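J.: no sequence for this one, just the structure:
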């Protein structure tokens, strides 16, 4: 079996094109794409998942921080037993976890963390195809595994703590999957786990939480994205051998799965309510729109790649705030071609954005709009959201009404070296009507956020 591993796009690419999600609503678990694919029944499942009294407990355990008890155990004498006496090591680990944990959710979190701390992904075996034994005893001794070994080691510790656990096999969109050439017939390439707590099943994928693959090397980077993910979100990337292991009330066929975009659970950290029925390959004619309700304290950005030319494109995407509080990502595609759209999620505590999914836009014609260029501070803490004009390029000699929504009052339109102060209209909206000089070379909107004398550029326009 071809053991899988998530492929992480370079996070610095998110800085090339930054489109920020305004802060409005708290996360929910509803996703329109899955609702449509499953005749509406998954919406009810999402609501049931939200009402689960344990959901707040799960949320409290999903902070991207290793359990301190497991960190201490990893650095203690107990860890030395892994290579000499695995059975004793497992017993000591189980004893430590059982004493420290308050419930089975925390026990599973601690097992998950110890696996991610102790086991490293065996990239050499993955690429060579020569995989050693993935039995839990051998994995603990060597400290290396592919997905089968991660799953078997996780299950071994669950068994020791009397937590019902099974290994699940299936297809996952990891390093061996290319969404441009995705397979059409099902075959397994990955393994993960399902645990049963208080009579309910929950998903855990330690392999993908231990790190990711960059080029042909494994990079350790701990996360909890794949610890207790909502099955509604998990189905965008993992398809189980057994339909029952989808944990969905309405089962998804493999052909339906292949139509879904490749999205990670943390895509839905930023997107509380997806309004657009997204597919893996989305047909369009020069333009496309993604609409959603943005989650609180979260930012979603994207990059666009012309697949045939292997060329990143800029100023052909823009994030717009609607009057009813929704967010739209608008696309104008410069030529008839296929484009890869990669998404990145970031919250206020993160220093860098995290790749969280991708899809394809298949445009049959060219778009004519060039959107304003946005910058990293666009929309951050509501520094400023552009309301109009959105579509460019702007014509010299024409008159436009510029409108921005911002919590700051010092907002300027700068045409070459001349500054024009925008005036308050109420509700945080500032505007100014200006005729662009026929000889203008540049036009941008900047804001002073009150922390210094400097002005930050929100957007800059292309002129013609």
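T.: Received it, and whenever you're ready, just let me know what you need. Since we're looking at a predicted model, the values are computed, not measured.
J.: mind checking how far the residue nearest the centre of the chain is from residue 195?
T.: Central residue of the chain (CA atoms, centre = their mean): residue 356, 2.5 Å from the mean position. Using CB to CB, to the nearest Å, residue 356 is found at 24 Å from residue 195. Any C-beta I mention is one placed from the backbone N, CA and C, and that applies to glycine too.
J.: Likewise for residue 205?
T.: 12 Å.
J.: higher neighbour count, the two?
T.: Just comparing residue 205 and residue 195: by other CB atoms under 10 Å the higher neighbour count belongs to residue 205, 28 against 23.
J.: For the more buried one, give me its contacts.
T.: 192, 193, 226, 229, 238 (CB atoms under 8 Å, 6 or more residues apart in numbering).
J.: Any chance of JSON lines for the residues you listed, columns secondary structure and distance to residue 267?
T.: Shown next, in JSON lines, are the contacts of residue 205 (DSSP: H, G, I helix; E, B strand; the rest coil; distance: CB to CB, whole Å):
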{"residue": "192", "secondary structure": "strand", "distance to residue 267": "18"}
{"residue": "193", "secondary structure": "strand", "distance to residue 267": "22"}
{"residue": "226", "secondary structure": "coil", "distance to residue 267": "13"}
{"residue": "229", "secondary structure": "coil", "distance to residue 267": "11"}
{"residue": "238", "secondary structure": "strand", "distance to residue 267": "14"}
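J.: Between these, which sits nearest residue 398?
T.: residue 229 (49.7 Å; CB to CB).
J.: just the strands in the stretch 201-350 of the chain please.
T.: 211-214, 217-220, 238-240, 262-263, 271-274, 281-284, 287-294, 298-306, 311-312, 317-321, 327-332, 337-347 (DSSP state E, counting those that start in this stretch).
J.: I'd like to know how many residues surround residue 392.
T.: 21.
J.: For the closest residue to it other than its chain neighbours, give me the pLDDT.
T.: Of all residues beyond its chain neighbours, the one nearest residue 392 is residue 370 (4.7 Å), with distances taken as CB to CB, 6 or more residues apart in numbering. Listed pLDDT for residue 370 reads 88.
J.: what would the contacts of residue 205 look like in TSV with pLDDT and distance to residue 409?
T.: Below are the contacts of residue 205 laid out as TSV (pLDDT from 0 to 100; distance: CB to CB, whole Å):
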residue	pLDDT	distance to residue 409
192	98	51
193	98	53
226	97	44
229	96	42
238	97	48
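J.: Same list, these, but as JSON lines with neighbour count and distance to residue 180 please.
T.: Below are the contacts of residue 205 laid out as JSON lines (neighbours: other CB atoms under 10 Å; distance: CB to CB, whole Å):
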{"residue": "192", "neighbour count": "25", "distance to residue 180": "25"}
{"residue": "193", "neighbour count": "25", "distance to residue 180": "30"}
{"residue": "226", "neighbour count": "25", "distance to residue 180": "24"}
{"residue": "229", "neighbour count": "26", "distance to residue 180": "25"}
{"residue": "238", "neighbour count": "25", "distance to residue 180": "19"}
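J.: would JSON lines of these with distance to residue 464 be doable?
T.: As requested, the contacts of residue 205 are exported to JSON lines (distance: CB to CB, whole Å):
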{"residue": "192", "distance to residue 464": "52"}
{"residue": "193", "distance to residue 464": "57"}
{"residue": "226", "distance to residue 464": "48"}
{"residue": "229", "distance to residue 464": "47"}
{"residue": "238", "distance to residue 464": "47"}
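J.: So which of those is the closest to residue 430?
T.: residue 229 (41.1 Å).
J.: any idea how far residue 344 is from the closest one?
T.: Separation of residue 229 from residue 344 (CB to CB): 18 Å.
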